[in-house]
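Peer 1: Sequence first, predicted coordinates after that:
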Amino acid sequence: MNPYDERYFKNIEKGYFPGGFVRDKTIEFHIRRTLAPGARILEIGCGTGNLLRRLEDNFSVYGIDISSYAGAIANQRLKKGKVLVGNIEKEPLNFPDKFDGVVMINVLEHLLAPVKVLKKVNAVSKKHSKLFLQLPVISNFASKFLNKIFYGEDPTHIYVPTVKELRGWAMDAGYSCLYEACGTFLILPLLGSILLNFFPSYFGVYEKYADLTLP
């Protein structure tokens, strides 16, 4: 049974405002200030395309998601972008051209082999491309407690890393951290981001520093 079914995404859509909306607006802000207009962007685990449809006015956007239900909705919402359906752990990322930026929102904590997937991301990314990561992390005692409250009942969460572990995953995949903000009750100097950080959440911008050869 696929846990990422229609009911799974309908529940996400119901709870999108305000938390998910503010999260996506915060990430959109960082993408727009980091990447030049016209840049090629891939969102892995794009869901129903809420972020991609706001980016396609200035960027060339693509998405991939494990759910055929979510992928169909995303393709209906996008005017120019394209969303594929596939399992990034079991299938290769096949795109004709490399990307300037890759976005992964609440994806890594669902994966059995996160470093392997990040190395796949490296392979489809340009030199000095940017990687935008958002996921729950363990950053302090409060985040460990709140993770159990907000995410403890989600059976699809395989492993929630510490911030140090996450940086290590990225480094092993050829990425270095440019910017990060994490948790819990931290207030970022950005309008609206206070809602995002009521959760045990991490956001980071990474840059590709090395090409990796996949086995």
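Peer 2: That came through, no problem. Numbers count the residues shown, from 1 in each chain.
Peer 1: List the buried residues for the top helix by length along the chain?
Peer 2: Taking DSSP state H as the criterion, the chain has its longest helix at helix 21-34. Neighbour-count burial for helix 21-34 flags 22, 23, 24, 25, 26, 27, 30, 31, 34 (criterion: 16 or more other C-beta atoms under 10 Å). Glycine gets a C-beta too; all of them are placed from N, C-alpha and C.
Peer 1: got the residue ranges for the helices in this protein?
Peer 2: 6-14, 21-34, 52-55, 68-77, 114-123, 141-151, 163-172, 193-196.
Peer 1: Out of those helices, name the one with the poorest average pLDDT.
Peer 2: In terms of mean pLDDT, the lowest-scoring of those is helix 193-196 (a mean of 45).
Peer 1: so the residue positioned nearest the centre of the chain bridges to which residues?
Peer 2: Nearest to the mean C-alpha position of the chain, counting by C-alpha atoms, centre = their mean, stands residue 104 at 1.7 Å. Residue 104 has these beta-bridge partners by DSSP bridges: residue 44, residue 133.
Peer 1: ok, it to residue 89 distance?
Peer 2: According to C-beta to C-beta, to the nearest Å, residue 104 stands 13 Å off from residue 89.
Peer 1: What is the end-to-end distance of stretch 158-175?
Peer 2: Stretch 158-175 has an end-to-end distance of 23 Å (C-alpha to C-alpha, to the nearest Å).
Peer 1: Good, we can wrap up now.
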